[in-house]
Each structure stands twice: as structure tokens, then as C-alpha cells.
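Q: Take this sequence and fold it.
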Amino acid sequence: MIGASQLLERRGLIDQVGNTPLIRLEHVTSHLSDAVQVFGKAEWHNPSGSVKDRAAAEILRQALEAGAIRDGRTLLDSSSGNMGIAYATLGAALRIPIRLVVPGTINPVSKQLLQALGVELEISDPLEGSDGARQVAAELAAQHPDRYFYADQYSNPANWQAHYRTTGPEIVRDTQARLTHFVAGLGTTGTFTGAGRWIKEQVPGASIVAFQPNSPLNGLEGLKHLPTSRIPEIFDPTLPDEILEITTEQAHAMARRLAREEGLLVGASAAAAAVAALIVAERLESGTVVAVFPDSGLKYLDESFWRGP
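A: Down below sits the predicted model:
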């Protein structure tokens, strides 16, 4: 049987996580000053296709090193989609069984991907959303403590540490520490908290800007309206210099523009990041704005907004 240290020493899929490119937006930014640049960090270049590979990889690494996943124990967590796909992808490569609680509103393609990857799925009440799925997962973990390693991405410090260790340093490196504004959405808040902390430490003058949906009822998968949600334990409320609110309609319109004007097929949360980045950039006479684009639009092509003008 291969031990945890041997699994982590082998160069495999988990080692391909990170080092995603920055892509400059050139056409949707044509109205800006020439001294203003806007970049999207293209997280769909990760193995499972989203930014969640970073947190999943770090959670798995730390759990293996601590011996929390041993003797066939199953990793248990809740997910609305991308984190589950990341666990499933990396877990399959590491021979770690995965059980996920997902809300009934999960994207059908995401559900199909999870089933294809061999994950054990539990479907929670669609009306309870991601918070309800998390509650079900916590109850399962409490009932069977010997069967599961409960990762709980919302409270697990490995989530934000992944971005402190990788995402933030990559952005500072690739902009040569010249970024003036960092933009990221609020879901589990791991990306924002981890990368934002690193950037604030390394580029003290940079503004750290968060964004969230403008309503609890929205079409921005993976993002939370924090005023009406359970606040993730890993969120650092002292970190954001500003929190913008983005509408679903703004994000959908931007998704169409990015596809047709930039050749970038992105998901709604990435399109919302572009909206937020442009709001910031339009205030500037000069500067470099970097926004995290969590995933591509490939899982969402059946969404009706693609057929809009």
C-alpha cells in the first residue's frame, strides 16, 4: 500500500495545480485610459477546470500529511459544484474516496461530471442552497466520525492558505508587483482571503476589492450574498478595502461580451469578476487591476443567457 508521503512525492495531477496565466482584457477595456490595464487570472487552466483545485489540493495535502485520511476513510464535504469536481478529480488520482453533499440546484453538467468521476453523492434540499448542504454534511460527519474526514471548506484554514501560498504569489510575480488593485468574489472566501492577505503584505499600496451578488436570489453560482448567508469562518472582514455588489444581469451580459469580444468563454462568476474589475478600472487614470476568473463557461452552455443580444 502506498503511504501518504509517497503519494505526495510522486509527480502527478496534484502537481499540475496552479501557475495559471494572466490574460489581459483588450476590447471590453477599450474605453479606458491607455495607462490602465485589466487582467483576468484564467483558473480554468487547472486540472479539473477551476480555481477550486487550489483549495482541494491543499486540503488533501494537509489531511494526508496529518494522517487524517487513512485506512480507507472517505473525504466528506459539501459543494455547489466546482469544489466537488476538484475533490473528485484529485481524489481519484490519489485513490481517496470522496462523498459530497450537493444542493438540488446543482448545475446538471457538474452533477454528471461528479458521477463520471465516481463520487458518492447526497442531494440536499434545493431551497436550503449551499448552507443547507453544509449542514447535512456536518450531520453525516457527526454521525460517523470514524468513517469520514470532514474537510468543511468554509472553516478549513487550508482553503485560504492555498491561495496565500500560490495564487497571491503568482499574481505578484506575474505583475512584477505592479498591481494596484486585486479583485475576487466571495463564496467560501478562501481565494479572496488568502490571495488578498499575501498581496496586502507584499504590495502594501494595492487595494483589495471583494464582490458579491447584490441579492440572495441570484444566478452567480459559487458566490454568496454574505449579509443573508452564514459567514464562512475563514473570512477576514478586516481585509476588503471595498465590497462591490454585482447583479446577475450584469454578469450575464459581460459573459456574452467576453465570449464575443475577447474570445473568452467564462462562467457567470468570472464574468461578474470582470464587471467588478471594470468598475474599479473606470475610476483610474493609471493602474493595473487583476481579477480572479474562477472557471470557464463550458459547464454552463445550456444557460439561457447565452442566447441574449
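
Q: going forward, measure contacts between C-alpha atoms and count neighbours the same way
A: Will do.

Q: what residue ranges in the chain are flagged as low confidence?
A: Scanning the chain for pLDDT under 70 picks out 1-11.

Q: how's it carved up into domains?
A: Residue ranges for the domains of the chain, per automatic domain parsing: 4-48+162-307, 52-150.

Q: CSV for the ones you listed, including mean neighbour count and distance to residue 156?
A: Formatted as CSV, the domains of the chain follow (neighbours: other CA atoms under 10 Å; distance: least, CA to CA, whole Å):
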stretch, mean neighbour count, distance to residue 156
domain 4-48+162-307, 19, 7
domain 52-150, 19, 8
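
Q: what's the spacing between residue 61 and residue 24?
A: From residue 61 across to residue 24, the span is 32 Å (CA to CA, to the nearest Å).

Q: which outside residues touch stretch 211-229?
A: 80-82, 131, 183-188, 243-248, 251, 268-269, 272-273, 276 (CA atoms under 8 Å, 6 or more residues apart in numbering).

Q: how long is it from one end to the other?
A: 14 Å.

Q: Check stretch 102-117 too.
A: 15 Å.

Q: How far off centre is it?
A: Centroid separation for stretch 102-117 versus its chain: 16 Å, with CA atoms, centre = their mean, to the nearest Å.

Q: ok, now stretch 34-53?
A: What separates the centre of stretch 34-53 from the centre of its chain is 11 Å, taken as CA atoms, centre = their mean.

Q: Also stretch 163-176?
A: Counting by CA atoms, centre = their mean, stretch 163-176 comes out at 15 Å from the chain centroid.

Q: right, and residue 242 touches residue 183 too?
A: No. Using CA atoms under 8 Å as the test, residue 242 is too far from residue 183 to be in contact (9.7 Å).

Q: which neighbours do these two share?
A: Jointly contacting residue 242 and residue 183 under the rule CA under 8 Å, 6+ apart are 208, 209, 210.

Q: Out of the contacts of stretch 211-229, list just those in helices.
A: Per DSSP state H, helices hold the following members of the contacts of stretch 211-229: 82, 131, 248, 251, 268, 269, 272, 273, 276.

Q: which one of those is nearest residue 33?
A: residue 276 (17.1 Å; CA to CA).
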